[in-house]
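Novice: any chance you could fold what I've pasted below:
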Amino acid sequence: MFTAHDGALMQTPPSLTDAITVSNLRKTYRIREGGSWRGKTRDIVALDGISFSVPKGQIAGFIGPNGAGKSTAIKILSGILRPTSGEVQVNGLVPWTNRIAHVARIGVVFGQRTQLWWDLSVGEGLALLRDIYGVEPERFARNRARLADALDLGGIMDQSVRQLSLGQRMRAEIAASLIHDPDILILDEPTIGLDAPSKLAVRAFVHELCRDRGTTVLLTTHDMHDIEALAERVIVIGHGRILADSPFEDLRTTTLSERILELDFHDTPPELTLPAGASETARAPHSLTITFDPRQIPAPALVAHVGHLPGLDDLRISRPSIDEIITRFYADHAA
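Specialist: You can find the predicted model right below:
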């Protein structure tokens, strides 16, 4: 690993188990106010000493609100930006000092930014990437066939990129990022524009990639269902700092532990008295919604309490959606 500080580079021993290691990473932008070279300057801190690591073969979610520092961190990990200070190692390399070797071992999908060529077909674009990455013909043919099958690209290989729908192009972009067998895949909004079946197919493909090939995946997205379906762990960034780093279930428990009990009646729901830890949050002509904290009133006890109500037809217990959980987390850390 190398330290980037005041232009000096110092080597430290690499990790044997981590694909990505970030330590005390800072990125500061200096801007000049007033639009004049005579104006005063001030520093904008995009990353404020963040540290995290991603073990080889793990799928890690990397999320945060707009302006949190996600894009800056991803660009540093990709070798596009150089940090102000801090240590970064990706696959044993420093991204901004070993760019050629670094990009040969990572794959990146940047949302709506394309790495293919608008006026070339998908197949021609993949062939150009084969030459850029120096992929042997046999390995390229094998990878092309595997990716075309897994991502359903057979019908669009001969179409120009500009003719593709957004969903088709995102699938082609994922194939382009993997044509050279990278060890690490960085996905930025990989399911944007995809319909539900395509989203499920991409998620299944990413799981398979991690399970069968040991690929490390860093996933950043505003689609929290991608995070819930894919990430073994979630890193939350805000104000340029790491706000949380844990399995998603731990984040769910500490942020929004409530459960929701929905009751259906064939007549008007009766009035009821609820135990501590439970409250009625919605009432309709034939239903009731109760929110409860299982730490205060366990679900079986609450079900037993309401199970004798006259006219009860059905009941369901659910959790708040992942969007509600992440929204609450952002609100709790907004200051």
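
Novice: where does the stretch 101-250 of the chain have low pLDDT?
Specialist: Where the stretch 101-250 of the chain drops to pLDDT under 70, the residues are 112.

Novice: all strands of it, in order?
Specialist: Chain-ordered strands for the stretch 101-250 of the chain, with DSSP state E, counting those that start in this stretch as the definition, fall at 106-110, 184-188, 216-220, 233-238, 241-246.

Novice: measure stretch 153-170 end to end?
Specialist: Stretch 153-170 has an end-to-end distance of 11 Å (Cα to Cα, to the nearest Å).

Novice: centre of the chain to it, how far?
Specialist: Its chain's C-alpha centre and that of stretch 153-170 lie 24 Å apart, by Cα atoms, centre = their mean, to the nearest Å.

Novice: check Ser321 and give its pLDDT.
Specialist: Looking at Ser321, its pLDDT is 75.

Novice: going forward can the numbers begin at 755, since that is how I track them
Specialist: Renumbered: residue one is now 755, and that last one reads Ser1075.

Novice: that older thread, dump the strands of the stretch 855-1004 of the chain to CSV, plus mean neighbour count and distance to Ile1076.
Specialist: Every C-beta, even on glycine, is put in place using the N, C-alpha and C of the backbone. Shown next, in CSV, are the strands of the stretch 855-1004 of the chain (neighbours: other Cβ atoms under 10 Å; distance: least, Cβ to Cβ, whole Å):
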stretch, mean neighbour count, distance to Ile1076
strand 860-864, 23, 22
strand 938-942, 23, 17
strand 970-974, 24, 14
strand 987-992, 22, 10
strand 995-1000, 18, 14
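
Novice: relative to Ile928, which of those strands is closest?
Specialist: When the strands of the stretch 855-1004 of the chain are compared by Cβ to Cβ, strand 860-864 sits nearest Ile928, at 5.8 Å.

Novice: and the closest one, what does it pack against?
Specialist: Using 3 or more Cβ pairs under 8 Å, 6 or more residues apart in numbering; DSSP states H and E, the elements in contact with strand 860-864 are helix 920-932, strand 938-942.

Novice: tell me the contacts of the residue nearest to Ala1032 when sequence neighbours are not counted?
Specialist: Leaving aside its sequence neighbours, Ala1032 sits nearest to Phe1046 (Cβ to Cβ, 6 or more residues apart in numbering; 3.8 Å). By Cβ atoms under 8 Å, 6 or more residues apart in numbering, the contact set of Phe1046 is 1012-1015, 1028, 1031-1033, 1053, 1056.

Novice: part of a helix, is Thr1027?
Specialist: No - going by DSSP: H, G, I helix; E, B strand; the rest coil, the assignment for Thr1027 is coil, not a helix.

Novice: count of residues packed around it?
Specialist: When neighbours are counted by other Cβ atoms under 10 Å, Thr1027 registers 6.

Novice: what about it, distance to Leu1017?
Specialist: Taking Cβ to Cβ, to the nearest Å as the measure, Thr1027 falls 14 Å from Leu1017.

Novice: for Gly865, same thing?
Specialist: Distance from Gly865 to Leu1017, counting by Cβ to Cβ: 42 Å.

Novice: more crowded one of the two?
Specialist: The neighbour count for Gly865 versus Leu1017, taken as other Cβ under 10 Å, is higher for Leu1017 (22 against 17).

Novice: what about the closest residue to that one other than its chain neighbours, how many neighbours?
Specialist: Spatial nearest neighbour of Leu1017, chain neighbours left out: Leu1042 (4.4 Å); criterion: Cβ to Cβ, 6+ apart. Leu1042 has 21 neighbours, counted by other Cβ under 10 Å.

Novice: element containing Leu1042, please.
Specialist: Assigned by DSSP states H and E, Leu1042 belongs to strand 1041-1046.

Novice: show me the helices in this structure, by range?
Specialist: Secondary structure of the chain (DSSP state H): helices at 824-832, 853-857, 876-887, 891-904, 920-932, 950-967, 978-984, 1002-1009, 1053-1060, 1076-1086.
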